[in-house]
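Chemist: can you look at this prediction? I've put the sequence above it.
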Amino acid sequence: MKRHDWLDRIRQLDPETDYAEIYRISSWYEFPWDTNQSLGFALYRTYAVPSIGRLLARTGEFTGRAQKRYDDTVLILEAVLEHGFGSEQGREAIRRMNGMHRRYEISNEDFVYVLATFVVVPKRWLDDYGWRPYSAHEVRAAVNYYRELGRHMGLRDVPETYEEFERLLDAYERANFAFDEGGRAVSDATLDLTASWYPRPLGAQMRRSSICLLDDPLREAFGYPRPPAVLTALVRGGMRLRGRLVRLLPPRREPHLARDGRQVRGYPDGYRICELGTFEAPAGGPADGRTGGGCPFGAGAS
C-alpha cells in the first residue's frame, strides 16, 4: 500500500451515503491516535459549560470513577461506529446512552453543543497537529455521521453543515463558558486520569502538557494559570513534529480501535454492551446497580 491509498479509497465513496465507512477509515486507519485524542478533548471542552460540568460533578461518576466513565464512553461510542446504527449491537449501545441521559434534565441545546464538539474539534486538531488535514469527503462524512447519531438521540435543530456546526460551537462557548466548581472538579479528575496512564514522574509532565494544549477561553473557564510560553511552544511544536513524522510512516493495514489502546483498562476479560455505563440503583442496591439478565451482545476484550 502507498501512503495515500486510504485517502484514494475515501474519495471513491459518497459522504452522503457512505459516511459511516468513511468515518471508520479515518478513525481506525488514517488517524486512530489523533481521533482518540481529539474526541477526548472534545468531551473535555464541554465541562467548561457550567450546566454540563456541574451535572457531571453532581453525579460523582466523573470525579470518583473517572477510568470507568472514560472506558464506558469510549466503548459505547465505538460500538455504534463498529457495528453500525442499524445493527443489534449499535442499537443496544444507543439505548444504553439514551437510558443514562434520560435520568437527568439535559437541555437539547447542551446535547447539540456536545455533538458539535465531536464534529468540530477533531477537524481543528488535525489542522493543527495531524499528518494531513481532513479531506472534504471526511469533513462531510463526519457531519453526516453525527447528524445520524443526533437523530437516534432524538435531538432537534441539529446543524446540517460543518460551517453551521462550527458557528454553533463558537457562539455557544462564547455565551456559556464560565468558571464553576463542579466543572473544575471534573476537569481536575480528567487531567489526573490522563496522568495516571504514565509512570509517576512522566504523568505529572503529561498533566502540565495537557494544559498547554488548551486555548485561552477554555483554560480560563477552568481557572488554570497560563503555562510558561516556552513550555507551551515546546508542547505544541512537539505535537506538530509528531504529525510530520507520522506522515513518513507506511499506511496502516489493520484497524486500530480505541479499545485496543492502553487507556481503556477496565475490562481485561471483555464486556457486554448492555452492561456498560451507569444504572439506576434498585431499592437497597448499590449506586451503580446492574439490572441483570437479557444481555445477548458481547464484544472483544479491551
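Modeler: Thanks, I have it. Residues are numbered from 1 along each chain as shown.

Chemist: for the helix or strand containing Q37, buried residues please.
Modeler: Using DSSP states H and E, Q37 maps to helix 32-46. Going by neighbour count (16 or more other Cβ atoms under 10 Å), the buried part of helix 32-46 is 32, 34-46. All C-beta spots, glycine's among them, are computed from the backbone N, C-alpha and C.

Chemist: okay, now L249: neighbour count?
Modeler: Close neighbours of L249, defined as other Cβ atoms under 10 Å, add up to 9.

Chemist: in three-state terms, label it for me.
Modeler: Under DSSP: H, G, I helix; E, B strand; the rest coil, L249 falls in the coil class.

Chemist: how close does the closest residue to T73 other than its chain neighbours sit to G53?
Modeler: Nearest residue to T73, sequence neighbours excluded (Cβ to Cβ, 6 or more residues apart in numbering): L43, at 7.1 Å. Taking Cβ to Cβ, to the nearest Å as the measure, L43 falls 11 Å from G53.

Chemist: ok, the residue nearest the centre of the chain to N176 distance?
Modeler: Centre of the chain computed as the mean C-alpha position; nearest residue by Cα atoms, centre = their mean is L39, 2.9 Å away. L39 is 20 Å from N176, where distance means Cβ to Cβ.

Chemist: go on, R240?
Modeler: Relative to N176, and taking Cβ to Cβ, R240 is found at 30 Å.

Chemist: what does I52 give?
Modeler: Noted for I52: a distance of 9 Å to N176, by Cβ to Cβ.

Chemist: neighbour-wise, which of these two wins?
Modeler: Using other Cβ under 10 Å as the criterion, I52 and N176 rank with I52 on top: 24 against 17.

Chemist: helix or strand for the more buried one, which one?
Modeler: Assigned by DSSP H and E, I52 belongs to helix 50-59.

Chemist: how far does that helix sit from its chain's centre?
Modeler: Helix 50-59 has its average C-alpha position 17 Å from the chain's average C-alpha position, going by Cα atoms, centre = their mean, to the nearest Å.

Chemist: quick check: Q263 is in a strand.
Modeler: No. Counting by three-state DSSP, Q263 falls outside a strand, being coil.

Chemist: you'd agree it is up against Y70?
Modeler: Yes. Counting by Cβ atoms under 8 Å, Y70 is a contact partner of Q263 at 7.1 Å.

Chemist: list the contacts of R11.
Modeler: The neighbourhood of R11, defined by Cβ atoms under 8 Å, 6 or more residues apart in numbering, consists of S135, H137.

Chemist: helix or strand next in line after the helix or strand harbouring it, which one?
Modeler: For R11, the element it lies in under DSSP H and E is helix 5-12. Remark: after helix 5-12, the chain's next helix or strand is helix 19-25, criterion DSSP H and E.
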